[in-house]
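Novice: Below: sequence and its predicted model.
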Amino acid sequence: MGREDKEIFRQLQQALPEVRNWIDCYVEAYAHLAVPIVDLGFRRLSQYFDQSRLKNSKAVKVDRVQVPPLSQMGLPYFTDFEETSFIGITYMDTFFLAPPAHDCESTHFHELIHVIQWEVLGPDLFLMVYAVGLLAYGYENSPLERMAYELQRAFEAGRSILQLELQVREKTELMSKALS
Ligand SMILES: [Zn+2]
């Protein structure tokens, strides 16, 4: 890492507690609207994910998906990210969906990949890997997003994916090693 990268890394680590606190509050505020994925009546998700994953992951339909106010938290490098209006975002085992994605099975699939990534990495490491990837590669090519988009394309094409959960776990674990 160069000196500038080290400085960004330090800023990220310093902001982590505040980011995590914002996420906890956001998830908590909408907990009463969170619906287990298994109850949503999608037909294809159970061909890809474990039943326990679909029971323990939740979706919240909102008008607008919110991201943490990172620039106010001492992280000036994420203004593009902050200003993007996302159709879905995952915080731990809960994801938030904007109107175009409320009933979109494919977006639910995509966000469920992120749920597994959150679980494998844990909150601090997920946020670090996500942020570092975003800065280094941009949104769609950041490693955690690229994995989700690639698998989503296979899902949309109707391809079966062998041992999806295991595949996501192993790939995500490799990413955390690359960061440390
Ligand atoms: Zn994503």
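Specialist: The structure has been received and is ready for your questions.

Novice: hmm, the lengthiest helix in the chain in reach of the ion?
Specialist: In the chain, with assignment by DSSP state H, the single longest helix is helix 105-137. No: using C-beta under 5 Å from the ion, we find that helix 105-137 stays clear of the ion, coming within 5.5 Å at best. Every C-beta, even on glycine, is put in place using the N, C-alpha and C of the backbone.

Novice: for that helix, packing partners?
Specialist: Applying 3 or more C-beta pairs under 8 Å, 6 or more residues apart in numbering; DSSP states H and E, one finds that helix 105-137 contacts helix 3-29, helix 51-56, strand 88-91, strand 94-97, helix 143-156, helix 164-179.

Novice: What's the mean pLDDT across the fourth one?
Specialist: Mean per-residue pLDDT for strand 94-97: 98.

Novice: Close to the ion: what parts of the protein are there?
Specialist: Counting by C-beta under 5 Å from the ion, the chain sits next to the ion at 145, 148.

Novice: shaky segments in the chain?
Specialist: 1-2, 180 (pLDDT under 70).

Novice: if we can go back for a sec, quick one: the longest helix of the chain to chain centroid distance?
Specialist: 4 Å (C-alpha atoms, centre = their mean, to the nearest Å).

Novice: in it, what's buried?
Specialist: 105, 107-121, 125-135 (16 or more other C-beta atoms under 10 Å).

Novice: Not counting sequence-adjacent ones, nearest residue to residue 130?
Specialist: Setting aside the residues directly before and after it, residue 130 is nearest to residue 144 in space (C-beta to C-beta, 6 or more residues apart in numbering), at 5.5 Å.

Novice: my guess is that neighbour meets residue 127, correct?
Specialist: No: using C-beta atoms under 8 Å, residue 144 is not in contact with residue 127, being 10.5 Å away.

Novice: which one of the helices and strands packed on helix 105-137 has the most crowded surroundings?
Specialist: strand 94-97 (a mean of 24; mean count of other C-beta atoms under 10 Å).

Novice: pull the CA atoms of that strand into CSV?
Specialist: This file holds the C-alpha atoms of strand 94-97, laid out as CSV (Å, rounded to 0.1, in the frame of the first residue of the first chain):
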residue,chain,number,x,y,z
THR,A,94,-31.5,-7.7,5.9
PHE,A,95,-31.8,-6.0,2.6
PHE,A,96,-33.7,-2.9,1.5
LEU,A,97,-35.4,-2.6,-1.9
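
Novice: name the helices or strands packed onto it?
Specialist: Judged by 3+ C-beta pairs under 8 Å, 6+ apart, the packing partners of strand 94-97 are strand 58-61, strand 88-91, helix 105-137.

Novice: Sheet-wise, list the partners of the first one with their directions.
Specialist: In the sheet containing strand 58-61, the strands it pairs with under DSSP bridges are strand 35-36 (antiparallel), strand 94-97 (parallel).
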